[in-house]
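[1] mind looking at a prediction? Sequence and model below.
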Amino acid sequence: MGFVLSAIGFFGAAGQISMGAISDRIGRRLALNLSFGFGIVFLLLLMRVGADKMLLFLLLGGLSACAFAILGLLSGPVATEAVPAALIASVAGISTGVAEIFGGGIMPSIAGFVAQHFGIQHTLTVGLFGLIGGLILSFFIRETAPRFARSPSAAI
C-alpha cells in the first residue's frame, strides 16, 4: 500500500508543478489536451497490467501526474486568467467546489454502482469516461495563457 501512496504523492506533485510551468511555454489548452490524452493512455495501460509492482507504480504515477496537472491547471491558471480580477476568488472557489462535489461525491457513487452491478474490474472505466469527456471539453477551452491569449481577459 505504501508504494501506491508514494506514486500518487510524488508523481502527482511533480506533474502539477511541471505541467504548470510547461503550460506557460506551450499554452494552457495544449497542456490540458496533453494531460488528458496521456492520462487516458496511462489509465488504459493500468487497466490491463498484471501484478507487476514496478509497472503498477509507474503507471499509477503517470496517471497521478496527469490528473494533478489537470486539477492544478483548471483550478489555478485557467480559472484565474479567464475572468476579471474581481471574480477570481469566486471562479476559483466554484471550479474547485464543482470538482469536489463530482469527484468526491457523485463519481464514487457511480463507481460503486458499476462495481455492484457489473463487477469491480469495471470501476476504472468510470474514470476513463471522465478523462475522455474532459479531453473532448478541453478542445473547446479558449487559450488563457497571457503569452498566447488573444485578449487580456480571454474567457473560457
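    Nice, I can see it.
[2] what comes into contact with stretch 55-74?
    The contact list for stretch 55-74 (C-beta atoms under 8 Å, 6 or more residues apart in numbering) reads 3-4, 6-20, 23, 28, 31-32, 35-36, 38-39, 42-43, 45-46, 49, 95, 99, 134. All C-beta spots, glycine's among them, are computed from the backbone N, C-alpha and C.
[3] try 7 Å
    By C-beta atoms under 7 Å, 6 or more residues apart in numbering, the residues outside stretch 55-74 that reach it are 3-4, 7-8, 10-16, 19-20, 23, 28, 31-32, 35-36, 38-39, 42-43, 45-46, 49, 95, 99, 134.
[4] need the helices for this structure, in chain order.
    In the chain, the helices defined using DSSP state H lie at 2-6, 12-26, 28-48, 53-75, 77-81, 88-101, 107-118, 123-138.
[5] off-centre distance for the second one?
    Helix 12-26 has its average C-alpha position 12 Å from the chain's average C-alpha position, going by C-alpha atoms, centre = their mean, to the nearest Å.
[6] same check on the last one?
    Mean C-alpha position of helix 123-138 versus that of the full chain (C-alpha atoms, centre = their mean) differs by 10 Å.
[7] next: the fourth one.
    Taking C-alpha atoms, centre = their mean, the mean C-alpha location of helix 53-75 is offset from the chain mean by 8 Å.
[8] can I get the helices of the chain in TSV with distance to residue 147?
    Below are the helices of the chain laid out as TSV (distance: least, C-beta to C-beta, whole Å):
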stretch	distance to residue 147
helix 2-6	35
helix 12-26	7
helix 28-48	10
helix 53-75	15
helix 77-81	11
helix 88-101	19
helix 107-118	34
helix 123-138	18
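[9] residue 144: which of these is closest?
    Ranking the helices of the chain by proximity to residue 144 (C-beta to C-beta) places helix 77-81 first, at 3.8 Å.
[10] now the closest one: mean pLDDT?
    For helix 77-81, mean pLDDT rounds to 86.
[11] just stretch 7-24 next, same as before
    Here the average pLDDT along stretch 7-24 is 90.
[12] kindly format the C-alpha coordinates of it as CSV.
    In CSV, the C-alpha atoms belonging to stretch 7-24 read as follows (Å, rounded to 0.1, in the frame of the first residue of the first chain):
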residue,chain,number,x,y,z
ALA,A,7,3.3,7.0,-6.6
ILE,A,8,0.2,9.3,-6.1
GLY,A,9,2.0,11.8,-4.0
PHE,A,10,5.4,12.1,-5.7
PHE,A,11,4.3,11.9,-9.3
GLY,A,12,1.2,13.9,-8.6
ALA,A,13,3.1,16.8,-7.1
ALA,A,14,5.7,16.6,-9.9
GLY,A,15,3.0,16.6,-12.6
GLN,A,16,1.2,19.5,-11.0
ILE,A,17,4.3,21.7,-10.7
SER,A,18,5.9,20.7,-14.1
MET,A,19,2.7,21.0,-16.2
GLY,A,20,2.0,24.4,-14.8
ALA,A,21,5.5,25.5,-15.9
ILE,A,22,5.1,23.8,-19.2
SER,A,23,1.7,25.4,-19.8
ASP,A,24,3.5,28.8,-19.6
